[in-house]
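[1] Could you look at this predicted model? Sequence included:
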Amino acid sequence: MSAEAPVSPGHLADRVPTLSGEEMVAQLVPPRQFATATLDSYRPDRDYPSQGAAVAAIRNFVGGWQSGGGGLFSRKKAVPALPGVYLDGGFGVGKTHLLAALWHVAPGRKYFGTFIEYTALVGALGYAPTVKLLTGASLLCIDEFELDDPGDTRLMSRLLGELVATGSRIAATSNTPPNALGEGRFAAQDFLREIDSLAAKFTTIRIDGLDYRRRDTEAHAHSVDDVELGLAAFSGAVTLDSFDAALAHLATVHPSRYVKLVDGLDAIGLTDVHVLHNQTDALRLVAFVDRLYDAQVRIVASGVPLDSIFPDDMLSGGYRKKYLRSVSRMIALTDPR
């Protein structure tokens, strides 16, 4: 925020982003709030020993890179037998911080993206060109490893298998253990076989703890009476839309392009927020909030507080963890402090 003269709000609907394959590749880096993340700057909660243990496990994983003279597969230090590490834990326990810290110490060419960004890359470039592009990378980081489609599961299983076979290492985060991905949503045997194939590539590191975004208090999403007045506190680019108009526009933009939709924004304003009843709208909003959070774009909203927009039937369904992660992030992004 700044005391400079406010900028008149634009509208999300006026933004029609395009994203080439080359631009997608350029975006495969950690979010800006983790641009300087290190293992030393991670602050484990002493009440949860698994956090300190996770740091130790990651240090072991990177030991080969730091030993020198032998690269990743140097015999000078112990390297995990499996080609990947999988950080499993609740919201706000620092999984993304650790994943970004791992990315920063990896040598040579490396990539960091969400599951949807990798599948979108395949959609833009084609499978074979994507494999060719990623082959030779020392590390592939996959944040928010959530499987919503059996086809994407098979695609990612095949992609990771080919990359691991050429020497790449894999690191992933999720709120779900790898052998339970898709639980409650898919039960087809071929899907379960793919899950087992993926799980077999990872050493799972469980991280327990409280959501750091909510440690100080039982926080709730902040709601205002006058959204335009709230946006006036920002000097950079802002948008102002009704909640329904924003949802309608998100339906016209592929989620892989949401990163460009929020590019350059300081904040977005949403008026007349209400409880969601359409799961497709809800899942699009979750993907959008993820991109807002990555870019640290603030939210100023009126109406129903954003942590109350997912009804009980959604929160008790197969996408429960997605919705809870989004609630955690919306609480952080609406915090007026």
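    Right, received. Where do you want to start?

[2] For the closest residue to T36 other than its chain neighbours, grab the count of nearby residues.
    Excluding the flanking residues, the one nearest T36 by CB to CB, 6 or more residues apart in numbering is H104, at 8.0 Å. For glycine as for every other residue, the C-beta is placed from the backbone atoms N, C-alpha and C. If you count neighbours by other CB atoms under 10 Å, H104 ends up with 18.

[3] So H104 lies in a strand, does it not?
    No. According to DSSP: H, G, I helix; E, B strand; the rest coil, H104 belongs to no strand; its state is helix.

[4] ok, it - contacts?
    Contacts for H104 (CB atoms under 8 Å, 6 or more residues apart in numbering) come out as 30, 36-38.

[5] roughly how far apart are V300 and F288?
    15 Å (CB to CB, to the nearest Å).

[6] Comparing these two, which residue is more hemmed in?
    Per other CB under 10 Å, whichever of V300 and F288 has more neighbours is V300, with 27 against 22.

[7] What sits closest to that one if chain neighbours are left out?
    G230 (3.8 Å).

[8] Does the one you found belong to a helix, a strand or coil?
    Strictly by three-state DSSP, G230 counts as helix.

[9] for the one 4 residues further on, same thing?
    Secondary structure for F234, judged by three-state DSSP, is coil.

[10] so how far is G317 from it?
    Distance from F234 to G317, by CB to CB: 35 Å.

[11] Same question for K201.
    In terms of CB to CB, K201 sits 28 Å off from G317.

[12] can you check A56 too?
    36 Å.

[13] Show me which of those two is the more surrounded one.
    G317 (15 against 12).

[14] Contacts only, for the residue lying closest to G303 once chain neighbours are set aside.
    Nearest-residue entry for G303: V273, 3.6 Å, with adjacent residues in sequence omitted and distances by CB to CB, 6+ apart. By CB under 8 Å, 6+ apart, V273 lies in contact with 223, 243, 301-306, 309.

[15] Would you mind giving the residues you listed as CSV with pLDDT added?
    Listed next are these as CSV, based on pLDDT from 0 to 100:
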residue, pLDDT
S223, 96
F243, 98
A301, 98
S302, 97
G303, 97
V304, 97
P305, 96
L306, 97
I309, 97
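
[16] Strands - which of those land there?
    301-303 (DSSP state E).

[17] of the residues you listed, closest to P336?
    Distance to P336, by CB to CB, is smallest for A301 among those, at 11.4 Å.

[18] ok, back up a step: name the nearest of the contacts of V273 relative to G90.
    Among those, and counting by CB to CB, the member closest to G90 is L306, at 19.6 Å.

[19] Next up, the contacts around L155.
    119, 122, 127.

[20] What strands line up against the lengthiest strand in the chain, and which way round?
    Counting residues, the longest strand in the chain under DSSP E turns out to be strand 265-273. Strand 265-273 pairs in its sheet with strand 237-242 (parallel), strand 298-303 (parallel), by DSSP bridges.

[21] would a markdown table of these with distance to K110 be doable?
    Putting those into a markdown table (distance: least, CB to CB, whole Å) gives the following:
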| stretch | distance to K110 |
| --- | --- |
| strand 237-242 | 31 |
| strand 298-303 | 30 |
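
[22] how about these, which one is nearest R154?
    strand 298-303 (35.4 Å).

[23] right, and the helix or strand after the closest one?
    The first helix or strand that comes after strand 298-303 along the chain, using DSSP states H and E, is helix 312-315.

[24] how far out from the middle of the chain is that following helix?
    22 Å (CA atoms, centre = their mean, to the nearest Å).

[25] distance between the next helix or strand along the chain from it and the chain's centre?
    Next helix or strand after helix 312-315 toward the C-terminus (DSSP H and E): helix 320-334. Relative to the chain's own centre, helix 320-334 is displaced by 12 Å; criterion: CA atoms, centre = their mean.

[26] Now do helix 320-334: which elements does it pack against?
    Identification of packing neighbours for helix 320-334 by 3 or more CB pairs under 8 Å, 6 or more residues apart in numbering; DSSP states H and E yields helix 279-295, strand 298-303, helix 312-315.
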